[in-house]
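A.B. asks: For reference, the sequence and a predicted model appear below.
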Amino acid sequence: PFPEDRVVHDKDGPPKPDKKRLVNKHIKACGVATVYHDGRAVLEALQHNPHAMELASDEIRSNRQVAMSAVSMSGQAFSALSEKLKADRAVAFAAVRFSSYALRHAASHLRADPELALEAITHHPAVAKVIAPELLSNEEFVMAAVRQNGHVLEHLAIDFCENIDIVRAAVSQNVHAFRHAAPSICADRSFVLEAASVDFRAFEYADLQLFEDSDVVRVFVQSLMEASLTSEVPLKPYASALRAIGENERVGHQLDPLFDMLDGLKKWNSALLLAQSMGRGHQRAISTLCNCLRNSDLGFQTDVALALKSIAGRGNTQAIAAIRSCMRKPPSIKKTKKNCRPWLRFLDQAKSTLAELEKDDPETI
C-alpha cells in the first residue's frame with residue numbers, strides 16, 4: 001500500500017517529515033488502525049517505509065525479536081514500539097546504534113544510562129538535549145563524551161566551556177570544537193599555541209588580540225607557510241587575523257615571507273585571498289596583486305582587477321601601470337563571441353578599476 005518514492009534519511013539526524021508518514025496518516029484517517037499482523041511483513045515494509053511499524057498490531061509492536069530487527073533498519077521504528085520495549089536496554093542500544101535520536105523515545109531511566117547516552121552523543125552531539133541533566137553535569141561523563149566527539153562542547157554548561165581540561169580534550173579530538181570554548185580560553189596564549197602545535201587550524205578561533213604578539217604571529221605565519229607547501233590552504237577563515245597583523249606596524253612585516261612564498265609558487269588563489277585580507281593601501285598586497293595580474297590566466301585577472309579596485313588607493317601608479325599593461329596585450333584567442341566573453345569581462349572590470357584609481361587624473365580612459 002505504500003508508494004516507492006525514494007526518501008533521503010539522515011541516519012544520525014532528527015526524523016524529517018516525508019511522504020511515507022503522510023500515507024500512514026491517510027490510512028489511519030480511513031479507519032484502518034492496523035495493517036500488519038505478521039512480523040515478516042512489517043520488516044519487509046520497513047525497507048520501503050521507515051514508519052511502517054506505526055501500522056503494526058500491538059502484538060507485533062510488543063514482540064522483542066521483531067523489534068530488534070526493526071530498530072536496526074529504521075530509527076523511527078523505535079518510537080512505535082510498546083512502552084515495555086522502549087524500556088528494554090538491549091533494544092534501545094540497537095536503536096541508538098542506527099540513529100542517535102532514537103534515545104529521545106527511550107524510557108527516562110535509559111536516558112540517564114551513561115553507557116547508552118555516551119553511545120548516542122558520540123555520533124550526534126545534539127542528542128545532549130534529551131540526555132538526563134544529571135549526566136551532563138557529571139564531569140567524568142562530560143570528559144568521556146568530549147573525548148569521543150569534541151563538538152559535544154557546544155551543548156554543555158558554560159562552566160565546562162571554561163574548564164581548560166575539558167576544552168583541551170575536546171580540541172584534541174576535533175580542532176573545530178575550539179569555536180565553542182569560552183572567550184577566556186580563546187585568549188589564552190599558551191593554550192592557543194599548544195593547540196596550534198597539534199593542528200594549526202586552532203588559530204582560526206584565537207582571540208584577535210593574540211595577533212599583536214610577535215611570537216604568536218611568527219608561529220601562525222610559519223604554520224601557514226608549511227601547510228601551503230603541500231596543499232592549497234583556504235585563507236578565508238583567517239582573514240580577520242591576517243588583517244589584524246597587516247594593520248599592525250610592529251608585526252605586519254612578518255607576513256612578507258608568506259607573500260614571497262605564494263608569489264614564488266604561483267599560488268595565485270591563495271595570494272589573492274591573502275592580499276584581499278589586507279587593509280586599503282597595503283603596499284605589499286598591492287605588489288602581489290600586480291604580480292598576479294601579469295602572470296595569471298584571463299579568467300582570474302578579472303578577480304584581481306576587482307581586488308585592486310578595493311585595495312589600491314587613488315593615484316597608485318603601480319596598480320595603474322599593471323592594469324594598463326594587461327589591457328594592451330589581448331590574449332591570442334579565436335575571436336568568436338563565446339571565446340571573447342572572458343576578455344570583454346576583464347576589460348569592463350579593468351576600466352572600472354582604472355576609473356576609480358584615476359579619478360583625479362585628467363586623462364580619459
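C.D. replies: Arrived safely, thanks for sending. Numbering: from 1, shown residues only.
A.B. asks: number of nearby residues for the closest residue to Ile131 other than its chain neighbours?
C.D. replies: Nearest residue to Ile131 in three dimensions, chain neighbours excluded: Ala117, at 4.7 Å (CB to CB, 6 or more residues apart in numbering). All C-beta atoms are positioned from the backbone trio N, CA, C, and that covers glycine. Ala117 has 25 neighbours, counted by other CB atoms under 10 Å.
A.B. asks: for the one 3 residues further on, same thing?
C.D. replies: The local packing of Ala120 (other CB under 10 Å) involves 28 other residues.
A.B. asks: element containing the residue nearest to Ile131?
C.D. replies: Assigned by DSSP states H and E, Ala117 belongs to helix 114-123.
A.B. asks: which residues sit in contact with the closest residue to Asp213 other than its chain neighbours?
C.D. replies: The spatial neighbour of Asp213 that comes closest, neighbours along the chain excluded (CB to CB, 6+ apart), is Arg189 at 6.6 Å. The neighbours of Arg189, taking CB atoms under 8 Å, 6 or more residues apart in numbering as the test, are Leu210, Asp213, Val216.
A.B. asks: separation between Arg189 and Pro257?
C.D. replies: 22 Å (CB to CB, to the nearest Å).
A.B. asks: cool, Ala206 as well?
C.D. replies: 20 Å.
A.B. asks: Near Leu135, how many residues? Count them for me, please.
C.D. replies: Residues near Leu135, counting by other CB under 10 Å: 19.
A.B. asks: so which helix or strand takes in it?
C.D. replies: Going by DSSP H and E, Leu135 is in helix 133-136.
A.B. asks: buried ones in that helix?
C.D. replies: Leu135, Leu136 (16 or more other CB atoms under 10 Å).
A.B. asks: go on, stretch 308-324?
C.D. replies: Leu308, Lys309, Ile311, Ala312, Asn316, Ala319, Ile320, Ala322, Ile323.
A.B. asks: do the same with stretch 264-284
C.D. replies: Per 16+ other CB under 10 Å, stretch 264-284 contains these buried residues: 267-278, 282, 284.
A.B. asks: Among these, which lie within helices?
C.D. replies: Trp268, Asn269, Ser270, Ala271, Leu272, Leu273, Leu274, Ala275, Gln276, Ser277, Arg284 (DSSP state H).
A.B. asks: now for those residues, which pair is the farthest apart?
C.D. replies: Asn269 and Arg284 (17.7 Å; CB to CB).
A.B. asks: follow-up on the earlier one: mean confidence score for the helix holding Ala117?
C.D. replies: Across helix 114-123, the average pLDDT comes to 91.
A.B. asks: Output the contacting helices and strands for that helix.
C.D. replies: With contacts defined as 3 or more CB pairs under 8 Å, 6 or more residues apart in numbering; DSSP states H and E, the packing partners of helix 114-123 are helix 89-98, helix 139-148.
A.B. asks: which stretches of the protein aren't confidently modelled?
C.D. replies: Low-confidence segments of the chain, defined by pLDDT under 70: 1-34, 330-339, 360-365.
A.B. asks: Longest helix in it, by number of residues?
C.D. replies: Every helix in the chain considered (DSSP H), the longest is helix 337-357.
A.B. asks: Export that helix to PDB, keeping only CA atoms.
C.D. replies: Below are the C-alpha coordinates for helix 337-357, written out as PDB (Å, rounded to 0.1, in the frame of the first residue of the first chain):
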ATOM      1  CA  LYS A 337      31.600  35.600 -29.400                       C
ATOM      2  CA  LYS A 338      31.900  32.800 -26.800                       C
ATOM      3  CA  ASN A 339      35.700  33.000 -26.600                       C
ATOM      4  CA  CYS A 340      35.800  36.800 -26.300                       C
ATOM      5  CA  ARG A 341      33.500  37.000 -23.300                       C
ATOM      6  CA  PRO A 342      36.200  36.500 -20.600                       C
ATOM      7  CA  TRP A 343      38.400  39.100 -22.300                       C
ATOM      8  CA  LEU A 344      35.500  41.600 -22.500                       C
ATOM      9  CA  ARG A 345      34.600  40.900 -18.800                       C
ATOM     10  CA  PHE A 346      38.200  41.700 -17.900                       C
ATOM     11  CA  LEU A 347      38.200  44.900 -20.000                       C
ATOM     12  CA  ASP A 348      35.000  46.100 -18.300                       C
ATOM     13  CA  GLN A 349      36.400  45.400 -14.800                       C
ATOM     14  CA  ALA A 350      39.800  46.900 -15.700                       C
ATOM     15  CA  LYS A 351      38.100  50.100 -17.000                       C
ATOM     16  CA  SER A 352      36.000  50.300 -13.800                       C
ATOM     17  CA  THR A 353      39.100  49.900 -11.600                       C
ATOM     18  CA  LEU A 354      41.100  52.500 -13.600                       C
ATOM     19  CA  ALA A 355      38.200  54.900 -13.300                       C
ATOM     20  CA  GLU A 356      38.400  54.500  -9.500                       C
ATOM     21  CA  LEU A 357      42.200  54.800  -9.400                       C
END
